[in-house]
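Peer 1: fold the stuff below for me.
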Amino acid sequence: MKKFTTIFFLALLSAASAFGQGAAGIDAGASELQTYIDPVGNLILIVGAIVGLIGGVRVYIKWNSGDQDTQKAVMGWMGSCVFLMVVGVVIKAFFGV
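Peer 2: Numbering: from 1, shown residues only. Have a look, this model is predicted:
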């Protein structure tokens, strides 16, 4: 019985110390995550700009060749660019950077 009580108290103390480290670990993880948010948001904005340039060139080529589907291409490329730009801004706003 004495052995069981000793093991129980040791397990209880180790669990309490794990919870104490857990809060500090969560705080450290949150602060480290915030250091990555700004570069990721900027990367998404850069990818959106590159997609916009490529889309503009493709729509221009379609327009010059007389394709009837130009408006559909413009809406598709513009929608993807706007989506990428909004995602970059929302990520920064969501994490408060």
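Peer 1: right, and L45 touches V82 too?
Peer 2: No: L45 lies out of contact with V82 (C-beta atoms under 8 Å); the separation is 11.9 Å. C-betas here are computed from N, CA, C, even on glycine.
Peer 1: who has more neighbours, the two?
Peer 2: More neighbours sit around L45 than around the other of L45 and V82, counting by other C-beta atoms under 10 Å; the figures are 17 against 12.
Peer 1: measure that one to K72 for me?
Peer 2: L45 sits 26 Å away from K72 when distances are taken as C-beta to C-beta, to the nearest Å.
Peer 1: likewise for G79?
Peer 2: When G79 is compared with K72 (using C-beta to C-beta), they lie 11 Å apart.
Peer 1: which residues does the residue nearest to L45 when sequence neighbours are not counted contact?
Peer 2: Setting aside the residues directly before and after it, L45 is nearest to G88 in space (C-beta to C-beta, 6 or more residues apart in numbering), at 4.2 Å. With contacts taken as C-beta atoms under 8 Å, 6 or more residues apart in numbering, G88 has the following neighbours: 41-42, 44-45, 48.
Peer 1: worst-scoring helix or strand of this protein, pLDDT-wise?
Peer 2: Of all the helices and strands that make up the chain, the one with the lowest confidence by mean pLDDT, DSSP states H and E is helix 2-64; it has a mean of 74.
Peer 1: any idea which helix or strand comes after that helix?
Peer 2: Downstream of helix 2-64, the next assigned helix or strand under DSSP states H and E is helix 70-94.
Peer 1: would you confirm that S80 contacts I50?
Peer 2: No: applying C-beta under 8 Å, one finds S80 not in contact with I50, separated by 11.2 Å.
Peer 1: tell me, how many residues neighbour L43?
Peer 2: Counted with other C-beta under 10 Å, the neighbours of L43 add up to 11.
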